[in-house]
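>>> When you get a sec, could you give me coordinates for this:
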Amino acid sequence: MTDLTRRTLVTTSLAGLALTGLATNAAPASAAPSVAPSAVPLVRKRLTLPTGIATGDVTTDSAVLWSRASGPGRLTALLQAVDSSGEILRGRYGFSRTIRGPLATEASDFTAKIHATGLPAGTRFALELNFEDENGAGEAVRGTFSTAPGKHDDGTEDARGGGRPSSSAQSFVWTGDTAGQGWGINEELGGMRGYKAMHATRPDFFIHSGDTIYADGPIAATVTEKDGQVWRNIVTEEVTKVAETLKEYRGRHRYNSLDANMRAMFADVPVIAQWDDHETTNNWYPGEILDDPRYTERNVNVLAARGRQAWQENMPIADAAALWRPGKVDAGQYQPARIYRKISRGPQLDIFCLDMRTFKSPNTDGKEPYATNILGQEQADWLIKEVRKSKATWKVIAADLPLGIIVPDGAVNQESLANRDHGAPLGRELEIAGVLSAFKKYGVKNTVWLTADVHYCAAHHYAPERASFTDFDPFWEFVAGPINAGSFGPSDMDKTFGPEVLFAKAGRFPGESPRDGENQYFGHVDLAADGVFTVSLRNANGAVLYSKALTPER
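Residues are numbered from 1 along each chain as shown. Next up, the predicted model:
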């Protein structure tokens, strides 16, 4: 329904009065004293923010501010520096800025983003977002976020207002897989409680490692679990079938935002978002033609274009090349701009956010004697170049697919890069082998790979003395998720890169519901001022299941 504007309402009211007079053959003025009509009340419909607010890709000096309006309007932000108690800072460390952003229109599903730059490092901000239309400012929603720690020109570290135990210390969480396998928002159980558990750790930011929605997984009002208990979902029209239209993909993102735990966390914790397969459909790759009777549109490139648009509209990503331009989608081109990017988190931490879906080769058995794509040559070159020149103590590589876990796509084909062959690298493994070899060649230290996708949590150490391919330095990979989806695993490992499984934890049976939170997982990283990088794997009740402290190589 189109919202009535003030002018439309006034015009409609006057026209209505005139038509009423004609219909009743009103007497001329001389027949009766003139009586002034009562004033017509004007209904001012304020714009609201029905899915909350979010920040994302926050660095030492910038942040993306995001929201969705209930109708057309201009996004406006108020940023104020605050101390750890929330009091506004004055004087030397005071900072206040009002930013008028872009218009939210139907072309962007009424979403809008502001890329705020020139922010002071190591600073906590109180944030207020609203949308303005011709009736003025609408509902205001408040949140907070902190810029990453930085250094002054004299080399001393910034210590403004973040409330951290040390100016250079920070923490973050990561996971993947939201609302999958038909397990949606169950308010009887407190909604998606994994988000509440992550929020309770008070992280500085959150990496969503992909499968931010499950566009291919219908959600029913009730699901009978294996033990006979009944799971009750909130249901909207768009989640009752597989997503095919742009409206249905958008509806999946709107659905997740109905969860109070997610909205609260996103208002307070910046997001670094990745996409994987379920933002479009299960295990997809470019050029695929689906053989799935649930779909009337079988061309994956068409579906991916719609899924990509909806994802970019709803994710607060900052890379200028990745910001979505409404109305520019080409049905045969699902990659209008790259989304792999680097997020600088101060002198101790850089995040390299990969895209292991857009440039992916077809899913085969993975045993080609030549390199096939998981990143694509351009992205692989970018990763080597950017990690090599990074001066941060730790280089976190946020991957939406694991390296050594075997992830089948049917009886023969492989979804990720592991191919069940424990010998020398083949197919997609050759591309990753090239990346790892380059890291060694250029003396890159302190890389950690973080991922999700497989619906269980694990800690893997990779070392050349256990591997068939040996031209690389040892490194760690940590796996988390799901955060609100069915549990699976643990899976078999491919030994090409010499992984050792130090820890793995999964649910009791495949597809188990998130009911008790014991089989839902997220990872937490505490990066101390002295550079110690402590990783813990936790369940959705907040219990620590495994912890590993990594000391940086100098």
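
>>> which residues in the stretch 51-200 of the chain form helices?
Here the stretch 51-200 of the chain has its helices, by DSSP state H, counting those that start in this stretch, at 193-200.

>>> for the protein, what spans make up the helices?
Here the chain has its helices, by DSSP state H, at 6-23, 193-200, 246-256, 260-268, 300-314, 377-389, 428-441.

>>> Nearest approach to residue 355 belongs to which of those helices?
Between residue 355 and the helices of the chain, the shortest gap by C-beta to C-beta is with helix 377-389, which sits at 6.6 Å. From N, CA and C alone the C-beta is placed, and that goes for glycine too.

>>> Hey, what's the angle from that closest one to helix 428-441? Just curious.
20 degrees (axes from the mean of the first three to the mean of the last three C-alpha atoms, to 10 degrees).

>>> outside of helix 377-389, which residues touch it?
Helix 377-389 has contacts (C-beta atoms under 8 Å, 6 or more residues apart in numbering) with 338, 340, 342, 350, 352, 354-355, 359, 375, 395, 397, 431, 434-435, 438-439, 442, 444, 447.

>>> Can you give me the distance of the most centrally placed residue in the chain to residue 54?
Taking C-alpha atoms, centre = their mean, the centroid of the chain lies closest to residue 273, which sits 3.1 Å from it. Distance, residue 273 to residue 54, using C-beta to C-beta, to the nearest Å: 9 Å.

>>> And residue 256, by the same measure?
Applying C-beta to C-beta to residue 256 and residue 54 gives a distance of 11 Å.

>>> what about those two, which has more around it?
residue 54 (28 against 23; other C-beta atoms under 10 Å).

>>> For beta bridges, what are the partners of the more buried one?
Beta bridges link residue 54 to residue 66, judged by DSSP bridges.

>>> from what I can see it touches residue 66, true?
Yes - here residue 54 reaches residue 66: they are 4.6 Å apart, a contact under C-beta atoms under 8 Å.

>>> what residues are shared contacts of these two?
The contact lists of residue 54 and residue 66 share residue 316, where a contact means C-beta under 8 Å, 6+ apart.

>>> Pick the most buried one from the helices of the chain.
Stretch with highest mean neighbour count among these: helix 300-314 (a mean of 24; mean count of other C-beta atoms under 10 Å).

>>> centre of the chain versus that helix, how much separation?
14 Å (C-alpha atoms, centre = their mean, to the nearest Å).

>>> CA atoms only for that helix, dumped as CSV, please.
Taking C-alpha atoms only, helix 300-314 is exported to CSV below (Å, rounded to 0.1, in the frame of the first residue of the first chain):
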residue,chain,number,x,y,z
VAL,A,300,21.1,-20.4,-10.8
ASN,A,301,22.6,-17.2,-12.3
VAL,A,302,19.2,-15.6,-12.3
LEU,A,303,18.5,-16.7,-8.7
ALA,A,304,22.0,-15.6,-7.5
ALA,A,305,21.4,-12.2,-9.0
ARG,A,306,18.3,-11.8,-6.9
GLY,A,307,19.8,-13.3,-3.8
ARG,A,308,22.9,-11.1,-4.2
GLN,A,309,20.8,-8.0,-4.4
ALA,A,310,18.8,-8.8,-1.3
TRP,A,311,21.9,-9.8,0.6
GLN,A,312,23.7,-6.6,-0.3
GLU,A,313,20.7,-4.5,0.5
ASN,A,314,20.6,-6.0,4.0
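
>>> packing partners for it?
Packing partners of helix 300-314 (3 or more C-beta pairs under 8 Å, 6 or more residues apart in numbering; DSSP states H and E): helix 246-256.

>>> Helix 260-268 and the helix it packs on, what's the angle between them?
Between helix 246-256 and helix 260-268, the angle comes out at 90 degrees (the same axes, to 10 degrees).

>>> Quick one: mean pLDDT for helix 246-256?
Averaged across helix 246-256, the pLDDT comes to 98.

>>> One more: stretch 216-230?
Here the average pLDDT along stretch 216-230 is 97.

>>> tell me how far the ends of it are from each other?
End-to-end distance for stretch 216-230, by C-alpha to C-alpha, to the nearest Å: 22 Å.

>>> Tell me which residues are up against it.
By C-beta under 8 Å, 6+ apart, stretch 216-230 touches 179-184, 231-233, 235, 239-243, 255, 278, 280-282, 509, 512-513, 515.

>>> So how do I select the buried members of the residues you listed in PyMOL?
This is how PyMOL selects the buried members of the contacts of stretch 216-230, with burial counted by 16 or more other C-beta atoms under 10 Å:
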select buried, resi 179+180+181+182+183+184+231+233+235+239+242+243+255+278+280+281+282+512+513+515
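
>>> Convert the C-alpha atoms of stretch 125-133 to PDB, please.
The C-alpha trace of stretch 125-133 is given here as PDB (Å, rounded to 0.1, in the frame of the first residue of the first chain):
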ATOM      1  CA  PHE A 125      29.800   6.000  20.000                       C
ATOM      2  CA  ALA A 126      26.200   6.300  20.900                       C
ATOM      3  CA  LEU A 127      24.300   6.000  17.600                       C
ATOM      4  CA  GLU A 128      20.800   7.200  16.700                       C
ATOM      5  CA  LEU A 129      19.200   6.500  13.400                       C
ATOM      6  CA  ASN A 130      16.000   7.700  11.900                       C
ATOM      7  CA  PHE A 131      14.400   8.400   8.600                       C
ATOM      8  CA  GLU A 132      13.000  11.800   7.500                       C
ATOM      9  CA  ASP A 133      10.200  12.500   5.000                       C
END
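
>>> could you pull out the strands for the stretch 151-300 of the chain?
Counting by DSSP state E, counting those that start in this stretch, residue ranges of the strands within the stretch 151-300 of the chain are 170-175, 205-208, 222-224, 230-232, 271-273.

>>> List the strands paired with the fourth one, with their directions.
Pointing back at strand 230-232 there. By DSSP bridges, strand 230-232 pairs with strand 222-224 (antiparallel).

>>> The first one now?
If you go by DSSP bridges, strand 170-175 pairs up with strand 205-208 (parallel), strand 521-527 (antiparallel).

>>> can you give me the angle it makes with helix 193-200?
Strand 170-175 and helix 193-200 meet at an angle of 170 degrees, taking the same axes, to 10 degrees as the criterion.

>>> now strand 170-175, how far from the centre of its chain.
13 Å.

>>> how close does the nearest residue to residue 294 once chain neighbours are set aside get to residue 71?
Excluding the flanking residues, the one nearest residue 294 by C-beta to C-beta, 6 or more residues apart in numbering is residue 242, at 4.9 Å. Distance from residue 242 to residue 71, counting by C-beta to C-beta: 29 Å.

>>> Same question for residue 532.
If you measure residue 532 against residue 71 using C-beta to C-beta, the figure is 49 Å.

>>> who's residue 79 bridged to?
residue 97, residue 127.

>>> Might one say that it is in contact with residue 124?
No - using C-beta under 8 Å, residue 79 makes no contact with residue 124, being 10.7 Å away.

>>> Quick one: neighbours of the closest residue to residue 517 other than its chain neighbours, just the number.
Leaving aside its sequence neighbours, residue 517 sits nearest to residue 540 (C-beta to C-beta, 6+ apart; 3.6 Å). Counted with other C-beta under 10 Å, residues neighbouring residue 540 total 24.

>>> go on, residue 45?
Counted with other C-beta under 10 Å, residue 45 comes out at 15.

>>> which parts of stretch 214-230 are buried?
214, 215, 216, 217, 219, 223.

>>> so how far is residue 295 from the fourth one?
Going back to what we said before, that points to residue 217. Distance from residue 217 to residue 295, by C-beta to C-beta: 13 Å.

>>> can you list residues touching both of the two?
Joint contacts of residue 217 and residue 295 (C-beta under 8 Å, 6+ apart) are residue 242.

>>> Please name the residues that touch residue 414.
The contact partners of residue 414, taken as C-beta under 8 Å, 6+ apart, are 363, 364, 365, 366, 406, 407, 408, 420, 428.

>>> for residue 61, same thing?
Here residue 61 is in contact with 117, 118, 119, 120, 121, 147, 150 (C-beta under 8 Å, 6+ apart).
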